[in-house]
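Asks: fold the following, please.
(one chain, ligands or ions: 3)
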Amino acid sequence: MDIRSTDTSLLTWTGDTLALGLPEGAIEIAGELAELNDKLGGNLGDLISETEFEGKLGSSAATRLGGGPIRKLILVGLGKTADFNLQTLRLAAAAIARLAKQQKSQALAISLPVVGDQSATAGAITEGLLLATHQDTRFKSTKEEKGAKLETVELLGLGEQKSAIAKAEQICSGVILARELVNAPANTVTPLTMAETAEQIASEYGLSLKILEQEECESLGMGAFLGVAKASDIPPKFLHLIYKPQGTPKRKLAIVGKSLTFDSGGLNIKGAGSGIETMKMDMGGGAATLGAAKAIAQLRPEVEVHFICPATENMISGRAMHPGDILTASNGKTIEVNNTDAEGRLTLADGLVFAEKLEVDAIVDLATLTGACVVALGDDIAGLWSSDESLTDQLQQSAKLAGEKFWPMPLEEKYFEGMKSQIADMKNTGPRPGGSITAALFLKQFINNTPWLHLDIAGPVWSDKENGVNNAGATGFPVRTLVNWVMANN
Ligand code: BES
Ligand code: MN
Ligand code: ZN
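Replies: Numbers count the residues shown, from 1 in each chain. Ligands and ions are numbered 1, 2, ... in the order given. Prediction:
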């Protein structure tokens, strides 16, 4: 899809399909709309009245125009003007792209209001278009996409926005990589192929990559990560991808993503109805980490970023860790594994210790960590834990810009009592209540004093149906927030 912005106005554009966003309220055909209506032979007014179009958020209307300078007209509702933000633009662009495909439009022009400034507007519209039209057909024998392929899109009245559009395209390439990694099943995406993906990013964009093989993880004392990896026939890969800017970096950051390419539960195996068949998504944190790396590598901020994915499967075999085993993590802490299905936190324990040794200014981890977080916050909102207020503010600001949602959750120290072990320093799970909080408290044991923030993304990495800018399947959440966070440190 070729996206261009132009100074051409709504009134002078001619071509295949024109899409127009209108705010909520009694729509008056006056001023520019009246002129457009004249140009379209009264069809705009007719479409509005015949479909009782009121500009409500999520509403839309479309019609063919017999002959004339424009072939088809699409209207999308933008909701109340006072509520406009960048997400309004993304959602409108997504709705327009889907309708245009249905209408078999190949050349489209979009007229939407400016929110913030023209470049932010062009960026948000581009994101909405690219994310809503991405379809993962890799696993279909016939690759034809539904609807027509949108070839060209012109963003009207925004002037020259080449760099804003290119930036949005780069960010979306990272989101789409994350989606593809999560969509791909566990017989396609394994620790080995995740390592290959990291290699591709490194070689394409000039990042450095260190892959720690099992022996090296052993010598670093990563007993928690390796305990999880034990039963798999596929060797674990601890991926460390590094983006370094040309000059002295303004900040050094680390992103650590849970990278379980499959989570069977281990000997505490996931039973029927547990959603075991969806556990290919359990590398969603690592997928977003690699997606963010791909985007950051293209955006080239003056920030050093370490992308860390401790990749493995959680399987069963004669070599599997037993429930009750005691593991020693790379910071020397001992863990009684009272549940082998709480494996993500074990892999992240060594991931976090490794990240802190890099002497970074801040660490963000992201993980499809607990079903409890999905129960608490549902499918659209991720949980956020941190004892660092300014890091929390930075992340929330980045999330708001991205239109991705995180809700602050408590690091309630008292709940750690439930993780106390008779025999080791701690157990890996506590009682069922507050399950996402005890998981976060567990991770906190592996951080000394670096500002740290934990995201439980078990809900939003996946969507069973079309939802906002996402189609059914992997969402690529929260690549855009991570990218904004790194860029906020630039
Ligand atoms: N990968 C799961 C969490 C998960 C659940 C991700 C649903 C995506 C959707 C995690 O490893 C897990 O199994 N967690 C257990 C923890 C329990 C054993 C304390 C859970 O949530 O049930
Ligand atoms: Mn598990
Ligand atoms: Zn898991």
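
Asks: only C-alpha atoms for contact and neighbour calcs from this point on.
Replies: Will do.

Asks: got a list of what R319 touches?
Replies: By CA atoms under 8 Å, 6 or more residues apart in numbering, the contact set of R319 is 230-231.

Asks: right, I mislabeled it, should have said I125
Replies: So I125 contacts 89-90, 92-93 (CA under 8 Å, 6+ apart).

Asks: can you tell me the element P310 falls in?
Replies: strand 303-314 (DSSP states H and E).

Asks: ok, that strand: who's next to it in the sheet?
Replies: Strands adjacent to strand 303-314 in the sheet, as given by DSSP bridges, are strand 237-243 (antiparallel), strand 251-257 (parallel), strand 259-263 (parallel).

Asks: looking at the ones you listed, which is buried most?
Replies: Mean neighbours per residue, mean count of other CA atoms under 10 Å, is largest over the strands paired with strand 303-314 for strand 259-263, with a mean of 30.

Asks: how about residues contacting it?
Replies: 186, 189-191, 276, 279-287, 309-315, 341, 344.

Asks: ok so, going back, got a markdown table for the strands paired with strand 303-314, with mean pLDDT and distance to ligand 2 too?
Replies: A markdown table is the format used below for those (pLDDT from 0 to 100; distance: least, CA to the ion, whole Å):
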| stretch | mean pLDDT | distance to ligand 2 |
| --- | --- | --- |
| strand 237-243 | 99 | 18 |
| strand 251-257 | 99 | 15 |
| strand 259-263 | 99 | 6 |
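
Asks: of these, which is nearest F406?
Replies: F406 sits nearest to strand 251-257 of all the strands paired with strand 303-314, at 16.5 Å, using CA to CA.

Asks: pull the residues that contact the closest one.
Replies: Counting by CA under 8 Å, 6+ apart, 283-289, 302-310, 348, 351-352, 355, 359-367, 486, 489-490 sit against strand 251-257.

Asks: tell me which other helices or strands the helix ranked longest in the chain touches.
Replies: For the chain, the longest helix by residue count, based on DSSP state H, is helix 162-183. When contacts are defined as 3 or more CA pairs under 8 Å, 6 or more residues apart in numbering; DSSP states H and E, helix 162-183 packs onto strand 2-5, helix 118-133, helix 284-299, strand 473-474, helix 479-488.

Asks: so which of these is nearest E52?
Replies: helix 118-133 (25.7 Å).

Asks: picking up where we left off before, orientation of the strand holding P310 relative to helix 284-299 in degrees?
Replies: On the basis of axes from the mean of the first three to the mean of the last three CA atoms, to 10 degrees, strand 303-314 is oriented at 150 degrees to helix 284-299.

Asks: what lines up beside whichever helix or strand comes after strand 303-314 in the sheet?
Replies: Counting by DSSP H and E, the next helix or strand C-terminal to strand 303-314 is strand 326-328. Counting by DSSP bridges, the strands paired with strand 326-328 are strand 334-336 (antiparallel).

Asks: now check the partner strand, is it near ligand 1?
Replies: No: contact of strand 334-336 with ligand 1 (CA under 6 Å from any ligand atom) is absent, the minimum separation being 13.2 Å.

Asks: next structured bit after that strand?
Replies: Counting by DSSP H and E, what follows strand 334-336 is helix 344-357.

Asks: restricting to C-alpha, output that following helix in CSV.
Replies: C-alpha atoms of helix 344-357 as CSV (Å, rounded to 0.1, in the frame of the first residue of the first chain):
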residue,chain,number,x,y,z
GLY,A,344,7.3,-17.7,32.8
ARG,A,345,8.4,-16.0,36.0
LEU,A,346,11.2,-18.6,36.3
THR,A,347,12.6,-17.7,32.8
LEU,A,348,12.2,-14.0,33.6
ALA,A,349,14.0,-14.3,36.9
ASP,A,350,17.2,-15.0,35.1
GLY,A,351,16.3,-12.5,32.3
LEU,A,352,15.9,-9.7,34.9
VAL,A,353,19.2,-10.6,36.7
PHE,A,354,21.0,-10.5,33.3
ALA,A,355,19.4,-7.2,32.4
GLU,A,356,20.4,-5.6,35.7
LYS,A,357,24.0,-6.6,35.2
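
Asks: give me the contacts around that helix.
Replies: 222-226, 228, 254, 256-260, 306, 308-310, 329-331, 363, 365, 367-369, 428, 439, 442-443, 446-448, 450.

Asks: that one vs strand 303-314, what angle?
Replies: With the same axes, to 10 degrees applied, the angle from helix 344-357 to strand 303-314 works out at 150 degrees.

Asks: could you list the buried residues of helix 344-357?
Replies: 344-356 (16 or more other CA atoms under 10 Å).

Asks: repeat for stretch 422-437
Replies: So stretch 422-437, judged by 16+ other CA under 10 Å, has buried residues 424-430, 435-437.

Asks: which two of those residues have the greatest separation?
Replies: Taking CA to CA, the two most distant members of those are A424 and S436; they sit 21.5 Å apart.

Asks: ok, back up a step: closest to ligand 1 out of the buried residues of stretch 422-437?
Replies: T429 (5.2 Å; CA to the nearest ligand atom).

Asks: and for the closest one, nearest residue in space, chain neighbours not counted?
Replies: M419 (6.0 Å; CA to CA, 6 or more residues apart in numbering).

Asks: pull the contacting residues for that neighbour.
Replies: 426-430, 438, 442.

Asks: among those, which are in strands?
Replies: 426-427 (DSSP state E).

Asks: same list (the contacts of M419) but as JSON lines, adding distance to ligand 1.
Replies: Converted to JSON lines, these look like this (distance: CA to the nearest ligand atom, whole Å):
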{"residue": "M426", "distance to ligand 1": "14"}
{"residue": "K427", "distance to ligand 1": "11"}
{"residue": "N428", "distance to ligand 1": "8"}
{"residue": "T429", "distance to ligand 1": "5"}
{"residue": "G430", "distance to ligand 1": "7"}
{"residue": "T438", "distance to ligand 1": "9"}
{"residue": "F442", "distance to ligand 1": "11"}
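
Asks: JSON lines for the contacts of M419, including pLDDT?
Replies: Output for those, formatted as JSON lines (pLDDT from 0 to 100):
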{"residue": "M426", "pLDDT": "99"}
{"residue": "K427", "pLDDT": "98"}
{"residue": "N428", "pLDDT": "99"}
{"residue": "T429", "pLDDT": "98"}
{"residue": "G430", "pLDDT": "98"}
{"residue": "T438", "pLDDT": "98"}
{"residue": "F442", "pLDDT": "99"}
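
Asks: and of the contacts of M419, the nearest to A178?
Replies: F442 (26.4 Å).

Asks: give me the distance between the closest one and I423.
Replies: Distance of F442 to I423, given as CA to CA, to the nearest Å: 16 Å.

Asks: between the strands paired with strand 303-314, which one is nearest to L22?
Replies: Closest to L22 of the strands paired with strand 303-314, according to CA to CA: strand 251-257, at 39.8 Å.
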